[in-house]
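Asker: model this:
(chains A and B)
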Amino acid sequence: DQQVKQNSPSLSVQEGRISILNCDYTNSMFDYFLWYKKYPAEGPTFLISISSIKDKNEDGRFTVFLNKSAKHLSLHIVPSQPGDSAVYFCAATAYTSGTYKYIFGTGTRLKVLA
Amino acid sequence: DAGVTQSPTHLIKTRGQQVTLRCSPISGHKSVSWYQQVLGQGPQFIFQYYEKEERGRGNFPDRFSARQFPNYSSELNVNALLLGDSALYLCASTPWAGSGGELFFGEGSRLTVL
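Answerer: Model (predicted):
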């Protein structure tokens, strides 16, 4: 049962354009949603998060949008840079049995073309 | 400040053997979680420990066990290794167990089972 889904395994974007990465979820009890970036041979690094009570959060070039009615979130990167090329994971958390459990999607590989 | 450190970074085992992976959290962080990332998938939750007590367990067989020490470092043990245990094992730390916020990941231990 995949509660967090990233349906696009890969995405290519020209440098300077917008990158939009999408994520869908099924559990309406999720409290927080996070985006992580992962380079090869490194651990995932945190990018940006959003609480379930908000619909938008912005940090520099990164903006996350949450549509609770559609159970959908997206990460916008503007402008995209070659250094943004990485695998992006969305994650969702819910408080269960005394702790927060994190569920990750399968990732989207972003390639930014110079 | 040192981030989350994991050892070893790479290791090769044969089926049936046992492996121990180690993790040191960020200074001041009291919660450690373990994740398994199989190629092409997102990280999957294995265990969470907080103040030396298990606070959460994912859907993994009893061959997987973990513990947390008084200095908040942690070990993940896997017995009777199977080929399917080949994966990147990630450790993540947080200041406490119940925040739902950012997980700080180490670079991982890549296990290959032959």
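Asker: what does stretch A:5-25 rub up against?
Answerer: Taking contacts as CB atoms under 8 Å, 6 or more residues apart in numbering or on different chains, the residues outside stretch A:5-25 that touch it are A:3-4, A:26, A:33, A:35, A:71-82, A:84, A:88-90, A:92, A:105-114, B:42. In this view, the C-beta of every residue, glycine as well, is placed from N, C-alpha and C.
Asker: then stretch A:53-68?
Answerer: Outside stretch A:53-68, the residues within contact range by CB under 8 Å, 6+ apart are A:28, A:33, A:35, A:47-50, A:52, A:72-79, A:81.
Asker: B:S7: neighbour count?
Answerer: 12 (other CB atoms under 10 Å in any protein chain shown).
Asker: again with the one 4 residues further on
Answerer: Applying the criterion other CB under 10 Å, we find 15 residues in the vicinity of B:L11.
Asker: count the residues that sit near the closest residue to it other than its chain neighbours.
Answerer: Spatial nearest neighbour of B:L11, excluding adjacent residues (CB to CB, 6 or more residues apart in numbering or on different chains): B:L111 at 5.8 Å. Residues contacting B:L111 under the criterion other CB under 10 Å number 20.
Asker: B:L111 touches B:A87, doesn't it?
Answerer: Yes: in this structure, B:L111 is within contact of B:A87 by CB atoms under 8 Å, at 6.2 Å.
Asker: run through the bridge partners of B:I12.
Answerer: With DSSP bridges applied, B:I12 shows beta-bridge pairing to B:T112.
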